[in-house]
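J.: Need a 3D model of the sequence below.
(one chain, ligands or ions: 1)
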Amino acid sequence: MKLTNYIHLIKYPFVIPIAPDKKIERFVNIFAIIAEKIHLIDTGVADSFSIIEKYLMEQGRNIKEVDSILLTHSHPDHIGSARQIQKVSGCTVFAHSAEKKWIENTELQFSQRPVPGFFKLVGGSVQVDYEITNNKIIELEQGLNLKCIYTPGHSAGSVCFYSEKDKILFSGDAILLPGEIPIFENLDDYTNSLEKIRNLKPKLILSAWDEPRQVNEIDLLLKKSENYILNIQNVSKMIAEDFEDTNSMEFYKAIIQKLGLPEILVNQLLLKSFQACL
Ligand SMILES: [Zn+2]
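T.: Residues are numbered from 1 along each chain as shown. Modelled structure (predicted):
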């Protein structure tokens, strides 16, 4: 779907197989900047390759024209098809240094963060050609720049990409909304990153999980995200008082129940989030 004269949204639905009989239905947004060359903000999961290829063909373009991949962070639903796309296009891959290890070594990522169905979601490791830092301007092509905004919290090296000219922010997973799977590593970083986004005063926010958000929705969106995360902190702290072992599955089951989230989310992955609240 064409969003602006050069930004396209490719939405890809997929499932996370939590257990043989349990799965979570999700979708992820991949953004393609189609100009003289093609640039991708994140790459979805491994199977997204054919959807991206098909979409570009419908636009009269070819996946081999992809010149750069900008990764907001290293999680499977963002780096999934990067390896395959890099292979066919020879494109340059950008990511923050704190995410590099997990992008370049997906076996290591899985050993340290065993997302269910990981190897179905990720098509393999890919080399990061450029490590980006806060405020770094990435010159995609003439007249087309994106600024890296370092927004840790969801993960240590999460970044957003910002078009200062058009006030459009590609926010990756930096803005968690109520009811979404609460994945974050550091609560203070997370809320500081929200503040950083607020101060940019973007006119359009393009998130990996959410619908595109226009200027009039953004203040409320950021407020909701902050409240959600603070509520998770309050609930985690309150429940921790009743638990001796905050490493136990029972501990996060109690939190999930209190938050009213689906029980299917009782999973090791969320442990880090809840422990980050204590
Ligand atoms: Zn993520």
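J.: contacts, neighbours, all on C-alpha from now
T.: OK.
J.: show me where the stretch 1-150 of the chain has strands.
T.: 7-19, 22-34, 38-41, 66-70, 92-96, 130-132, 137-141, 144-150 (DSSP state E, counting those that start in this stretch).
J.: The second one packs against which elements?
T.: Other helices and strands packing on strand 22-34, by 3 or more CA pairs under 8 Å, 6 or more residues apart in numbering; DSSP states H and E, are strand 7-19, strand 38-41.
J.: Would you indicate which residues of that strand are buried?
T.: Within strand 22-34, the residues that qualify as buried are 23, 27-34, counting by 16 or more other CA atoms under 10 Å.
J.: in the stretch 51-200 of the chain, which spans are helices?
T.: 76-79, 82-89, 97-104, 106-112, 118-121, 187-200 (DSSP state H, counting those that start in this stretch).
J.: Just name the most buried of those.
T.: The highest mean neighbour count among the helices of the stretch 51-200 of the chain, using mean count of other CA atoms under 10 Å, belongs to helix 76-79: a mean of 27.
J.: For the closest residue to A156 other than its chain neighbours, give its distance to S158.
T.: For A156, ignoring the flanking residues on the chain, the nearest one in space by CA to CA, 6 or more residues apart in numbering is A98 at 6.1 Å. A98 sits 8 Å away from S158 when distances are taken as CA to CA, to the nearest Å.
J.: before we move on, what about S248?
T.: From S248 across to S158, the span is 28 Å (CA to CA).
J.: picking that back up, with G117 as the reference, name the closest of the strands of the stretch 1-150 of the chain.
T.: For G117, the closest of the strands of the stretch 1-150 of the chain is strand 7-19, at 5.6 Å, according to CA to CA.
J.: so what does the closest one touch, helix or strand wise?
T.: So strand 7-19, by 3+ CA pairs under 8 Å, 6+ apart, packs with strand 22-34, helix 48-58.
J.: weakest of the ones you listed by average pLDDT?
T.: With a mean of 89, strand 22-34 has the lowest mean pLDDT of the helices and strands packed on strand 7-19.
J.: Give me the distance between that strand and the centre of its chain.
T.: Relative to its chain's centre, strand 22-34 lies at 10 Å (CA atoms, centre = their mean, to the nearest Å).
J.: Give me the sheet partners of it and which way each runs.
T.: Applying DSSP bridges, strand 22-34 is found paired with strand 7-19 (antiparallel), strand 38-41 (antiparallel).
J.: Check what contacts stretch 233-248 and list those residues.
T.: By CA atoms under 8 Å, 6 or more residues apart in numbering, the residues outside stretch 233-248 that reach it are 251-252, 254-255, 258-259, 271, 274-275, 277-278.
J.: go on, stretch 265-278?
T.: Contacts with stretch 265-278, where a contact means CA under 8 Å, 6+ apart, come from 113-115, 181-187, 232-234, 236-237, 240, 246-247, 249, 252-253, 256.
J.: Please repeat the previous calculation with a cut-off of 10 Å.
T.: The contact list for stretch 265-278 (CA atoms under 10 Å, 6 or more residues apart in numbering) reads 18, 23-24, 113-116, 153-154, 181-188, 229-238, 240, 246-257.
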